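In: Here you go, sequence then predicted model.
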Amino acid sequence: MYARVLAVMPLLLSLAACQGAAVKPDYDLTHDFAGDQTWEWVEPRVEFRPSDDPRIGGELMAGRIEQAVAEQLDARGLRPVLEGRDADLQVKSYVLVEKRQENVTTSFGGYWGTGWGGFWGGPAVQTYPVDYRELTLQIDLLDGDTGRLVWRGIESERMSERELTPSQRDEQVQRLVSRILAAFPPY
């Protein structure tokens, strides 16, 4: 029995490593989310930072985010407000790209050969920095009456070094928005 557990443990640990960290939203404990039924966008609907990066900014990406957010809010029972009425929630989103750095460690060297005829070369470890860009999507929900922030969800992904196709961009936006809004409403 113990041997079976030991045999399965590496598989379980590798599966756990594949799981992303759950989105932990921040929200106002005093706000009654059960009473919210309608929403509307706050202008600008999507803000890009840095605003001058054409790889992330623009109408196409903003449209993808707007559509994904609308679909996710609709799936949670919230409807766009009718014209001339006040919304229960106002929605605003931000797309941020930040330069990040991580340290990567590699090791090499050690034992070569077989049996007693091998030799020890001594291990070597090398650590070096790797630069990358991280894409963060933040969705804020504001109280429709006061404009006060009542819920915020944030999710990040490492950006690919290769240019994404339009369908890959759609998939990325859908994935980020669904992960963020999976934690809404917070009860």
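Out: Yes, it's here. Numbers count the residues shown, from 1 in each chain.
In: in the protein, which residue is closest to the centre?
Out: Centroid-nearest residue in the chain, with C-alpha atoms, centre = their mean: Glu155, separated by 2.7 Å.
In: these two touch, right, it and Thr136?
Out: Yes. Taking contacts as C-beta atoms under 8 Å, Glu155 lies within contact range of Thr136: 7.3 Å. C-beta: built from backbone N, CA, C; applies to glycine.
In: What is the burial count for Ser160?
Out: If you count neighbours by other C-beta atoms under 10 Å, Ser160 ends up with 12.
In: again with the one 3 residues further on
Out: Other residues near Glu163 come to 8 when the count uses other C-beta under 10 Å.
In: What ranges does the chain have for its helices?
Out: In the chain, the helices defined using DSSP state H lie at 2-18, 59-75, 166-181.
In: buried set for stretch 155-174?
Out: By 16 or more other C-beta atoms under 10 Å, the buried positions in stretch 155-174 come out as Glu155, Ser156, Met159, Asp170, Gln172, Val173, Gln174.
In: pLDDT-wise, what's the bottom of these?
Out: Across the buried residues of stretch 155-174, the smallest pLDDT goes to Met159, namely 82.
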